[in-house]
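Enquirer: Kindly return the folded structure for what I paste below:
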Amino acid sequence: MAETTEDPRPRRRQARGERRMAEILAAAATVFARLGYEAATTNKIAAEAGISPGSLYQFFTNKEAIARALVQDYLLELGRAHRGALDLADPAGLGLVELVDRAVDPIVAFNLAHPGFKALFARPDMPPELAAALAPLQTALRARVEQIIGELAPHRDGTERARVALTCVHIVQGVIPLITSADPAERPPLTGELKRALCGYLESLVARP
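Expert: This next block holds a predicted model:
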């Protein structure tokens with residue numbers, strides 16, 4: 001009986017489709033970062049991707065659909081960055097400087113690698129669906145920072161640990177846009193200032209009264 005082989009053409013078409021979607025999302029991230037979400041259009045995204053608007057519409061019905069797909073990619077990457085920053089086996093066994101280095105560097109790297117993230121998530125008028133998508137990650141991040149604070153300063157009560165964790169998160173969130181928008185040569189010094197601010201803040205809290 002003759003052997004049958006699977007037709008490889010559907011797999012090739014699927015792979016081409018996945019590459020094209022990835023190209024569109026990368027182009028959208030560039031356009032969102034350059035123009036902002038509101039000013040971006042599907043025509044501009046298609047031009048950035050080097051395709052016709054009609055080709056774009058084969059994969060995404062509108063700008064909002066592109067943004068939703070990009071958000072899902074960002075959330076996966078941001079989750080990895082958070083785990084890389086804060087999944088530390090023994091935070092109390094590290095020096096404060098090393099602890100802050102390990103916590104800050106992956107977050108800075110993520111934001112530099114994904115300039116479109118700011119255009120979608122750092123908006124004062126962030127759409128409710130984006131805020132809802134980001135909320136679980138933000139909650140998990142604050143909980144992990146609070147846990148680390150508890151390991152560093154077990155003499156502080158739960159209310160104070162929660163307050164310190166929230167402050168640390170907002171310090172990072174406040175300085176990250178300065179780093180990402182700075183000239184490349186200025187980014188390492190600004191990152192250093194962020195780390196120094198966190199170390200200075202945490203040092204007095206870790207010390208026993």
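
Enquirer: pLDDT below threshold where in the chain?
Expert: For the chain, residues meeting the criterion pLDDT under 70 lie at 1-13, 88-89, 92, 122-126, 207-209.

Enquirer: one more time with 50, if that's ok
Expert: 1-2 (pLDDT under 50).

Enquirer: How is it partitioned into domains?
Expert: Domain assignment for the chain, taken from automatic domain parsing, gives 7-61, 65-206.

Enquirer: need these in CSV with mean neighbour count, can you?
Expert: Heads up, the C-betas are built off the backbone N, CA and C, glycines and all. Conversion of the domains of the chain to CSV gives the following (neighbours: other Cβ atoms under 10 Å):
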stretch, mean neighbour count
domain 7-61, 15
domain 65-206, 16
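
Enquirer: What helices and strands are in contact with the longest helix along the chain?
Expert: Counting by DSSP state H, the longest helix found in the chain is helix 9-35. Other helices and strands packing on helix 9-35, by 3 or more Cβ pairs under 8 Å, 6 or more residues apart in numbering; DSSP states H and E, are helix 42-49, helix 63-86, helix 116-121.

Enquirer: Quick one: closest of those helices to residue 140.
Expert: helix 63-86 (7.2 Å; Cβ to Cβ).

Enquirer: out of the helices and strands packed on helix 9-35, nearest to residue 198?
Expert: Across the helices and strands packed on helix 9-35, closest to residue 198 is helix 63-86 (Cβ to Cβ), at 12.1 Å.

Enquirer: Check the offset of the helix or strand following that closest one from the chain's centre.
Expert: The helix or strand immediately downstream of helix 63-86 is helix 96-113, counting by DSSP states H and E. With Cα atoms, centre = their mean, to the nearest Å as the basis, helix 96-113 stands 12 Å off its chain's centre.

Enquirer: again with stretch 78-89
Expert: 11 Å.

Enquirer: just stretch 45-63 next, same as before
Expert: Here the centre of stretch 45-63 is set off from its chain's centre by 24 Å, with Cα atoms, centre = their mean.

Enquirer: quick one: terminal-to-terminal distance for it?
Expert: End-to-end distance for stretch 45-63: 9 Å, by Cα to Cα, to the nearest Å.

Enquirer: just stretch 30-39 next, same as before
Expert: Taking Cα to Cα, the first and last residues of stretch 30-39 lie 12 Å apart.

Enquirer: Contacts for it, please.
Expert: 40, 44-45, 48, 67, 70, 115-116, 118-120, 123 (Cβ atoms under 8 Å, 6 or more residues apart in numbering).

Enquirer: Make JSON lines from the residues you listed and add distance to residue 54 to it.
Expert: Formatted as JSON lines, the contacts of stretch 30-39 follow (distance: Cβ to Cβ, whole Å):
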{"residue": "40", "distance to residue 54": "18"}
{"residue": "44", "distance to residue 54": "15"}
{"residue": "45", "distance to residue 54": "13"}
{"residue": "48", "distance to residue 54": "16"}
{"residue": "67", "distance to residue 54": "20"}
{"residue": "70", "distance to residue 54": "21"}
{"residue": "115", "distance to residue 54": "27"}
{"residue": "116", "distance to residue 54": "23"}
{"residue": "118", "distance to residue 54": "30"}
{"residue": "119", "distance to residue 54": "25"}
{"residue": "120", "distance to residue 54": "25"}
{"residue": "123", "distance to residue 54": "29"}
